[in-house]
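Colleague: A predicted structure for the sequence below; I have some questions about it.
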Amino acid sequence: MTATAASTIRILLVDDSQLVRRGIKSVLTAETEPPLEVVGEAGNVIEAVSECLRLKPDVVLLDVRLPDGTGFDACRGILQALPDTKFLVLTSYSNDSFVYEAVTAGVQGYLMKEIDPAGLVQAIHDVAAGRSILDPEATNRVLRLLRTGNGTSSGTDLSSLSPQERRVLALVATGLTNKEVGEKLGLSENTVKNYLVNVFEKLQVKRRAQAAAMFVQQTNPDR
């Protein structure tokens, strides 16, 4: 199911603490414009995949550490069956390897649990709309890993992209949705999507967050 600006955003909460899930749910269900609906909860990877396949939420809000694996394991398992699902990590863990794995697993957002309620609600709206949300410090961690080669990288550079593909990717890297990119470049949303398919193939990536991270790293080498 795909969320729209006027529709309810359906959320699956994944955290091994029932108390944490209950607290997050109380924050999210107080939001009314547009409404956020917690349609299900899960406490481990197996439950997360099962519930997501059953409920087909718009956004999965999940922690990194789970009893039977990681949130990234759940993300990969879900994406195999539901490739349009959006993921937002909300965690207490900020080490470099976790942040990098989040991006490579296909997560759209990575936030720390210290975020205020309004910030969390806004992040969910943004992720549901197709934007990528990374804590600024988390972004720098990803870029550092890419520069030092400690992350898994295809080694493909941006020279393979056409000028228009590069323009599209530059706007995607700022967090814009396909529709917003199209409006800026005078293209239809479907045309933008087709350009991104080509970009992903040339850069040997599968998700827009991965392509965006590669673009920022190669165009801002001193960050």
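Modeller: Okay, I see it.

Colleague: how far away from the center of its chain is stretch 99-109?
Modeller: From the chain centre to the centre of stretch 99-109 is a distance of 7 Å (C-alpha atoms, centre = their mean, to the nearest Å).

Colleague: now do it, average pLDDT.
Modeller: Taken as a whole, stretch 99-109 has a mean pLDDT of 82.

Colleague: over to stretch 196-208?
Modeller: pLDDT averaged over stretch 196-208 gives 84.

Colleague: give the buried residues for it.
Modeller: Leu196, Val199, Phe200, Lys202, Leu203, Val205, Arg207, Arg208 (16 or more other C-beta atoms under 10 Å). For glycine as for every other residue, the C-beta is placed from the backbone atoms N, C-alpha and C.

Colleague: worst-scoring helix or strand of the chain, pLDDT-wise?
Modeller: helix 136-148 (a mean of 61; mean pLDDT, DSSP states H and E).

Colleague: where along the chain do the helices fall?
Modeller: In the chain, helices defined by DSSP state H lie at 18-28, 45-55, 71-81, 96-105, 117-128, 136-148, 163-172, 178-185, 189-203, 208-219, listed in chain order.

Colleague: do you know how far the nearest residue to Gln164 once chain neighbours are set aside is from Arg167?
Modeller: Spatially, and ignoring its direct neighbours in sequence, Gln164 is nearest to Tyr195 (6.6 Å; C-beta to C-beta, 6 or more residues apart in numbering). Noted for Tyr195: a distance of 9 Å to Arg167, by C-beta to C-beta, to the nearest Å.

Colleague: what does Ala74 give?
Modeller: For Ala74, the distance to Arg167 - C-beta to C-beta - is 34 Å.

Colleague: who has more neighbours, the two?
Modeller: Legend: neighbour count by other C-beta atoms under 10 Å for Ala74 and Arg167, higher for Ala74 (28 against 16).

Colleague: now the more buried one, nearest residue through space, not along the chain?
Modeller: Ala48 (4.0 Å).

Colleague: now do the one you found: how many residues are near it, please.
Modeller: 28.

Colleague: the one 4 residues further on now?
Modeller: Cys52 has 26 neighbours, counted by other C-beta under 10 Å.

Colleague: pretty sure Lys202 sits against Ser162.
Modeller: No. The pair Lys202 / Ser162 is not scored as a contact, 9.1 Å apart, by C-beta atoms under 8 Å.

Colleague: let me see the contact set for Ser160.
Modeller: For Ser160, the contact set (C-beta atoms under 8 Å, 6 or more residues apart in numbering) comprises Lys202, Leu203.
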